[in-house]
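Undergrad: sequence isn't available, so here's the structure alone:
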């Protein structure tokens, strides 16, 4: 690593991990050495954020650092796995120490909250992008998956949906929303909250889980395919921000709620007899959990209006080859 | 994931891993679920390759796929760890199925050889780049490290050094070399061989190991700093390609041998009484192992000529912010 890169690396150097964190050897060698917890499985996931595709080039770097980890932690949450370690590969067009200091501050604030330790990294020159790989743990056989839904399961979501997509639409100038809803939506886009604590609490309580990163219909569609089932959603029960309730363009509002990406909420399915326990968990964690539909035989996601009529689905999923945050 | 991205993902879909590979759940969920071997530590490393910085945009994609994994496997080799699993984050400016088919073919040919399984990935739109994270295993306490050299240790390197830097200089038009040395040097740049088998065989036999990715002096310098020692190198003993022996520009030749990056050989230190065993290992693996110097008290890397005079060190290390493969 060149002297300049060592300077970069310094922004990401924390105290050397120790065995309490499962770290036998931290950053500074060809590899870190990790010891997993006996009786646990590792959950691993990787996600890349590219400037101009996943975030605006001028986004607050502290928020970006936090989000880069948050979207990866959301994958661990969806597996009911406790965060342990992550690696960071950061590609930078130039060295900007103020930017790096803010980025790493945001990153490590969330890392400390989530009790996850950095154990590796690479810094390279190139167009701004970052790839994180996260590793978590869950007791063997207890991790949550997409493929375990049963027909008759109730479908639940955390928090509310469409917030981040609304934030993106605001920043793109496609929608005007008054304060404080405007900033709240932008915050949801830039500061998603991975549902880590909830994911762990759902172990043994629910059947299947996925995180909502590409939009409710797309992600629930993945869960349906993996579980070889279909889903009926009651649109009126899907939680969404107040600003979307009063939006005059109803089809745009539906699009944001059903197909908006980047919310990083969890969608899960559970037997109806778990209903009361899930309600209690919601209270205990002070996290809204909404029952929005039911798993059924068949395939695909069907969204129903209050009269039981079928709402035509918007184009599902977030296609990075078709969509950019700013044109 | 959009339909187009599912198409991309198909290039990287292999048979679902099973428990024989330590894979409880393969690609297709929010995370893969892995089971590590009892009594082993995990070794983890991540490396990014960026188009125009680490490789030429028009490089053969099969070679690029292979190299992207090779440079990561080299980190596992340097830890004496057996390859187990990897994730691939691939950023593409556009979807080119012929390119993707070739890239994945090269990648998986080496993955199969090295017995490492893909367990996660992300495909995103953006400037061409890829980040791999590899995980290996070694029995607890037996992994090799940079910080364990002792004064008096002999210093060894595998294969030969300067080959890849010569290949780069040829492709940049800075050097002219006749065939077959020309293609051989380019092959070393584009098809490095990670010394995985050797790395594992060095467990228990040697003290400290590092892989030579940034150039001998830079990487041995890292090993020295981590071990709080210095090193004396006998330049005449440093193995290098025949084409460099006859190069008229001696200072350029020295630069390529001592500071050329991308060779992905291993440099290791061992007690002199291990010398015969190391020679035997060299024969058993049909891999040249050269004894090039000795670890000493002090700091820094000193390179000596045949008369015992000090050779002025070239600028050490490969600075991606200063150097591009093609201007």
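TA: Okay, I see it. Because the structure is a prediction, the values reported are computed rather than measured. Residues are numbered from 1 along each chain as shown, chains lettered A, B, ... in the order given.
Undergrad: and the helix or strand where residue A:220 lies, what does it pack against?
TA: For residue A:220, the host element (DSSP states H and E) is helix A:216-227. Helix A:216-227 sits against strand A:208-212, strand A:230-234, helix A:250-259, strand A:265-270, strand A:300-304, with contacts defined as 3 or more Cβ pairs under 8 Å, 6 or more residues apart in numbering or on different chains; DSSP states H and E. For glycine as for every other residue, the C-beta is placed from the backbone atoms N, C-alpha and C.
Undergrad: what's next to that helix, contact-wise?
TA: A:145-150, A:155, A:157, A:161, A:208, A:210-213, A:230-231, A:233, A:238, A:257-259, A:261, A:267, A:269, A:295, A:299-301, A:303, A:313-314, A:316-318, B:1, B:28-29 (Cβ atoms under 8 Å, 6 or more residues apart in numbering or on different chains).
Undergrad: now do it against strand A:208-212, angle only.
TA: Angle of helix A:216-227 versus strand A:208-212, following axes from the mean of the first three to the mean of the last three Cα atoms, to 10 degrees, is 150 degrees.
Undergrad: how much space is there between the closest residue to residue A:299 other than its chain neighbours and chain B?
TA: In space, and not counting its chain neighbours, residue A:299 is closest to residue A:230: 4.9 Å by Cβ to Cβ, 6 or more residues apart in numbering or on different chains. According to Cβ to the nearest Cβ, to the nearest Å, residue A:230 and chain B sit 19 Å apart.
Undergrad: quick one: neighbours of residue A:230, just the number.
TA: Residue A:230 sits with 19 neighbouring residues when counted by other Cβ atoms under 10 Å in any protein chain shown.
Undergrad: sorry, back to before: among the contacts of helix A:216-227, which ones are buried?
TA: Burial by neighbour count, 16 or more other Cβ atoms under 10 Å in any protein chain shown: within those this picks out A:145-147, A:149, A:155, A:157, A:161, A:208, A:210-213, A:230-231, A:233, A:238, A:257-259, A:261, A:267, A:269, A:295, A:301, A:303, A:313-314, A:316-318, B:1, B:28-29.
Undergrad: that older thread, angle of the helix holding residue A:220 against strand A:265-270?
TA: Using the same axes, to 10 degrees: helix A:216-227 against strand A:265-270 is 40 degrees.
Undergrad: for helix A:216-227, buried residues please.
TA: Under 16+ other Cβ under 10 Å, the buried positions of helix A:216-227 are A:216-224, A:226-227.
Undergrad: do the same with stretch A:173-192
TA: Using 16+ other Cβ under 10 Å as the test for burial, stretch A:173-192 gives A:175, A:177, A:181-182, A:184-192.
Undergrad: average pLDDT for stretch A:148-164, rounded please.
TA: Averaging pLDDT along stretch A:148-164 yields 97.
Undergrad: is chain B within reach of it?
TA: No: applying Cβ under 8 Å from any Cβ of the partner chain, one finds stretch A:148-164 out of contact with chain B, separated by at least 10.1 Å.
Undergrad: for that stretch, what is the distance to the chain centroid?
TA: Chain-centre distance of stretch A:148-164: 14 Å, with Cα atoms, centre = their mean, to the nearest Å.
Undergrad: before we move on, back to that, of the helices and strands packed on helix A:216-227, which is nearest residue B:14?
TA: Across the helices and strands packed on helix A:216-227, residue B:14 has its closest neighbour in strand A:208-212 (22.3 Å, Cβ to Cβ).
Undergrad: just checking, what packs against that closest one?
TA: If you count contacts as 3+ Cβ pairs under 8 Å, 6+ apart, strand A:208-212 packs onto helix A:61-78, helix A:216-227, strand A:265-270.
Undergrad: quote the end-to-end distance of stretch A:171-185.
TA: Stretch A:171-185 has an end-to-end distance of 10 Å (Cα to Cα, to the nearest Å).
Undergrad: show me which of the buried residues of helix A:216-227 is closest to residue A:35.
TA: Nearest to residue A:35 out of the buried residues of helix A:216-227 is residue A:226 (Cβ to Cβ; 31.4 Å).
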